[in-house]
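Peer 1: Predicted coordinates and the sequence they were generated for:
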Amino acid sequence: MFENAPCALLSLDARGYIVRTNRALTAWTGYAPETIAGKRFLELLSVSGRIFHETHFVPLLRMHGSADEIALDLVRADGTHLPVLVNAVEERDGAGELCSIRVAIFKATERRRYERELVAAQSEARMLQGQLEIANVALERKLGEERDLGRLREEFIAVLGHDLRNPLASTRSGARLLAREVSSERATVILTHMEASTVRMSALIDNVLDFARGRLGGGITLDLAASQPLEPVLRQVVDELRYGTGREILTDFALTEPVACDHQRIAQLVSNLLGNALTHGAEDQPISMTARTDSGVLSISVANGGTPISPSAMEHLFQPFFRGGIQPSKQGLGLGLHIASEIAKAHRGTLVAQSSSSETRFTFSMPLTDIGAEEHDG
């Protein structure tokens with residue numbers, strides 16, 4: 001068993017000289033048995049192994065009487081090193097005097113390779129982590145710069161939209177005054193188109209301002225008014241679009257209960273829905289609009305015929321700047337439906353869309369409770 005053991009076995013005397021060894025050690029190291037016998041175990045070790053032997057291995061044996069899994073390097077006859085793990089135990093006589101030391105040696109080549117690869121991998125991981133941290137810092141800095149630039153753009157858009165309102169209002173007023181004085185049919189047509197363009201430009205500017213305000217943190221603001229009737233405001237929106245486009249817009253109003261809402265915001269919502277219907281609906285079919293109060297709920301819907309909205313476009317319909325599936329001639333910023341949905345949310349309401357081959361319908365619903373009172377109570 002000693003000679004044919006799968007590990008190297010040694011018996012040392014009290015001074016550390018080799019008294020006996022087995023075939024495994026001679027096969028691993030290339031030394032002849034007679035060459036190894038009489039050597040000190042220390043002589044078979046590398047320089048670093050000898051230092052470790054004297055500073056750790058021997059003191060550990062003396063203190064505990066045994067040592068397990070000590071990593072050392074044996075020096076073969078050809079001068080190459082063999083990584084090994086060493087287990088040792090002392091044997092003492094009845095008086096406690098050290099008699100011998102029994103040593104078992106196991107090859108550790110694969111284990112050492114694994115440990116080296118593990119250390120190398122850990123070192124590479126630390127290096128990559130450092131590079132990642134540097135990249136994250138650079139990315140955060142870049143994102144901060146992009147956020148600042150984006151905020152600057154939005155502030156610029158907000159200022160620009162605000163400053164465009166005054167000259168646009170003057171243009172619109174001038175067109176209306178001229179329409180009362182001209183008698184030429186051609187001039188009347190031109191002024192009608194100018195009026196429609198100014199109405200559309202005004203709606204676009206309102207949408208841009210509201211979007212910029214929302215992005216800058218202000219959100220959609222409400223100016224609630226319950227005492228004023230809502231129907232005249234809605235009729236004015238319909239009349240302006242009907243006059244400006246010449247399209248047929250059918251209305252059905254049944255507003256029998258007071259509505260606590262921001263009348264101008266609701267008018268803006270309806271204007272956006274009607275503008276969307278006029279832009280994308282079939283030109284040979286009328287637009288229909290209903291507004292009614294029933295069971296404590298205000299419901300406004302706008303419907304048009306034409307090509308239905310695809311399911312893929314329906315998923316992104318209320319996102320800003322979405323203009324999927326429209327003809328190039330149907331120009332717009334893609335903000336109208338987004339602003340309309342934000343106005344609905346500000347009123348604690350909903351805006352939903354349904355589209356089929358027969359019609360496309362947008363429906364806004366909101367409760368008729370006092371929003372301002374509830375916000376104050378909250």
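Peer 2: Nice, I can see it.
Peer 1: got the contact list for Q285?
Peer 2: Shown in contact with Q285 (Cβ atoms under 8 Å, 6 or more residues apart in numbering): 304-306. (Glycine included, C-beta is placed from N, CA and C.)
Peer 1: Tell me which helix or strand it sits in.
Peer 2: Using DSSP states H and E, Q285 maps to neither a helix nor a strand.
Peer 1: Show me what counts as buried in the helix or strand hosting T35.
Peer 2: Element membership of T35 [criterion: DSSP H and E] is helix 33-36. Along helix 33-36, these residues count as buried under the neighbour rule (16 or more other Cβ atoms under 10 Å): I36.
Peer 1: what's the helix or strand just after that helix in contact with?
Peer 2: Downstream of helix 33-36, the next assigned helix or strand under DSSP H and E is helix 47-52. Contacts to helix 47-52, defined as Cβ under 8 Å, 6+ apart, come from residues 42, 70, 72-74.
Peer 1: one step back: which helices and strands sit right next to the helix holding T35?
Peer 2: If you count contacts as 3 or more Cβ pairs under 8 Å, 6 or more residues apart in numbering; DSSP states H and E, helix 33-36 packs onto strand 18-21, helix 23-29.
Peer 1: where's the shortest one relative to the chain centroid, distance-wise?
Peer 2: Here strand 18-21 is found 69 Å from its chain centre; the criterion is Cα atoms, centre = their mean, to the nearest Å.
Peer 1: List just the nearest of the contacts of Q285 to P229.
Peer 2: N304 (26.4 Å; Cβ to Cβ).
Peer 1: count of neighbours near the closest one?
Peer 2: Each residue near N304 was counted by other Cβ atoms under 10 Å, and the total is 26.
Peer 1: is it true that it touches D284?
Peer 2: No: checked against Cβ atoms under 8 Å, the pair N304 and D284 is beyond contact range at 11.2 Å.
Peer 1: Now list whatever residues contact both of those two.
Peer 2: Both N304 and D284 lack any common contact, where contact means Cβ under 8 Å, 6+ apart.
Peer 1: Helix or strand: which one has S197?
Peer 2: Assignment of secondary structure by DSSP H and E places S197 within helix 185-215.
Peer 1: show me what contacts P33?
Peer 2: 21, 26 are the contacts of P33 under Cβ under 8 Å, 6+ apart.
Peer 1: What does the pLDDT read for it?
Peer 2: As predicted, P33 sits at a pLDDT of 83.
Peer 1: Can I get stretch 283-296 in CSV? Just the C-alpha atoms.
Peer 2: Output in CSV follows, covering the C-alpha atoms of stretch 283-296 (Å, rounded to 0.1, in the frame of the first residue of the first chain):
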residue,chain,number,x,y,z
GLU,A,283,-63.3,64.5,-47.3
ASP,A,284,-66.6,63.3,-48.8
GLN,A,285,-68.1,62.4,-45.4
PRO,A,286,-69.2,64.8,-42.6
ILE,A,287,-67.6,65.0,-39.2
SER,A,288,-69.9,64.4,-36.3
MET,A,289,-69.5,65.7,-32.8
THR,A,290,-71.6,65.0,-29.8
ALA,A,291,-71.4,66.6,-26.3
ARG,A,292,-73.7,65.6,-23.5
THR,A,293,-74.0,65.3,-19.8
ASP,A,294,-75.6,62.3,-18.3
SER,A,295,-75.4,60.7,-14.8
GLY,A,296,-72.7,63.0,-13.6
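Peer 1: Okay, buried residues for it please.
Peer 2: Going by 16+ other Cβ under 10 Å, stretch 283-296 has these buried residues: 287-291, 293.
Peer 1: just checking, which of those residues belong to strands?
Peer 2: Those of the buried residues of stretch 283-296 mapping onto strands are 287-291, 293, per DSSP state E.
Peer 1: Count residues in the vicinity of R113, would you?
Peer 2: So R113, with other Cβ under 10 Å, has 11 neighbours.
Peer 1: ok, now which ones touch G306?
Peer 2: 280-282, 285, 360.
Peer 1: let's go with 6 Å and repeat that
Peer 2: By Cβ atoms under 6 Å, 6 or more residues apart in numbering, the contact list for G306 reads 281-282.
Peer 1: low-confidence ranges in the stretch 151-300 of the chain?
Peer 2: 151-166, 200, 203, 207, 211-219, 225-227, 244 (pLDDT under 70).
Peer 1: Sketch out the helices for it, chain order is fine.
Peer 2: 185-215, 231-245, 263-280 (DSSP state H, counting those that start in this stretch).
Peer 1: Hmm, L74 and L82 touching each other?
Peer 2: Yes: L82 lies in contact with L74 (Cβ atoms under 6 Å); the separation is 4.5 Å.
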